[in-house]
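Asks: below are the sequence and a predicted model; questions follow.
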Amino acid sequence: MFQKIITEAMPVIDQQLFAGTDKLTEADWPSLSAPDISNRSLEKILEQHGWEHKGAAAIGLKLSADNTSVMAARLAILGSWDQKIQLQAKKVFAKADEGTILEVELTDLGVFRCKEGEMWSQFVPQAGFKASYSRDGRALEQEELERQGIQELSARAVMHLSKDCGLKWGIWIKVTILVFPLCDETMRAISEDTANPAWPGVKLAEGQVPLLPACGKGKKVFGGKNWGCPIAPILTPGVPWEAALGPLDKATVAEACGALLNGGSLPEALLTAEAIEKRWEVLLANPGTVQEKAAEKLWPAAGRVPREEPTAKKGNQNYFARFEA
């Protein structure tokens, strides 16, 4: 995990959002159960709770073999971006002609897949999203693109808790989409540092998506119970619930969500191809100097390692270590 600095002075989400006292039982969890924490499984559960396929985020948790502790957590962004994105191609490719427009459609945010414990996606090849070029309303052919130095793009999404999270608005994830003037394979090959979410790219788009399913009064989740957490993760049980050795403690679940969400990072989103070239030149000449920046807002108890809990197969090992800031 890359290192970032989290200080006590950083703003934390309103504690009131975590003040609920309603007890949850084993009967409450099955409605949030999925066979795995793949995008499709998370989408199916969100649909059952009223999701309309607009841009959203969800957390999936893998449980231990006795369903009493969390083994891993994964963040997914799902649905579609609400509009087409346009920018001057020259902002990505320095040799592109003035007036050449890059248009991108993000109809499936699920292409930006995060590894377990991370809040940034891997590099997505251009085939994973719709990108086209035009000038004066005319689509450009490959020969013209080559003349302008336009080649295959790649993209990445970097996420973190929004500074707008709070009692009034609920929990939101800020999503920054970056594009890079090289294909995904080349991006991975030029330096090990490109795996860092702070590796600079050209800002394509930025926005916020809600973290679902939302909990609380009037919500379908848990019958509207206020269980002391503003969201509910989607769970993959280790064994069928009826065979569980003991109840799943709700504090364990809330801590697992926080351990993941406090790993969010601010991207270095630049605005021009010239700025990218200069910044990359410095970073490539000085390996290991990419600085990961902590997010704008934190989950309560930021940096606290959840308690260690023994499991039937793994023994007394802290599986949250990978999620520490």
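Replies: Right, received. Where do you want to start?

Asks: tell me the centre residue of this protein?
Replies: residue 119 (3.9 Å; CA atoms, centre = their mean).

Asks: how close does that residue sit to residue 252?
Replies: 20 Å (CB to CB, to the nearest Å). For glycine as for every other residue, the C-beta is placed from the backbone atoms N, C-alpha and C.

Asks: quick one, what contacts residue 59?
Replies: 73-76, 211, 231, 233-234, 257, 260-261 (CB atoms under 8 Å, 6 or more residues apart in numbering).

Asks: who's it bridged to?
Replies: As for beta bridges, residue 59 partners with residue 75 under DSSP bridges.

Asks: same check, this time on the one 4 residues further on
Replies: Partner residues in beta bridges with residue 63, using DSSP bridges, are residue 70.

Asks: which residues does residue 151 contact?
Replies: Residue 151 neighbours (CB under 8 Å, 6+ apart): 93, 145, 181-183.

Asks: repeat for residue 146
Replies: For residue 146, the contact set (CB under 8 Å, 6+ apart) is empty.

Asks: what kind of secondary structure is it in?
Replies: At residue 146, secondary structure determined by DSSP: H, G, I helix; E, B strand; the rest coil is helix.

Asks: over to residue 203?
Replies: strand.

Asks: name the helices or strands packed onto the helix or strand that residue 156 is a member of?
Replies: Residue 156 is located in strand 154-161, with elements delineated by DSSP states H and E. Other elements packing on strand 154-161 under the criterion 3 or more CB pairs under 8 Å, 6 or more residues apart in numbering; DSSP states H and E are strand 70-78, strand 124-125, strand 172-180, helix 184-190, strand 265-266.

Asks: kindly recompute the last result at 7 Å.
Replies: Here strand 154-161 touches strand 70-78, strand 124-125, strand 172-180, strand 265-266, going by 3 or more CB pairs under 7 Å, 6 or more residues apart in numbering; DSSP states H and E.
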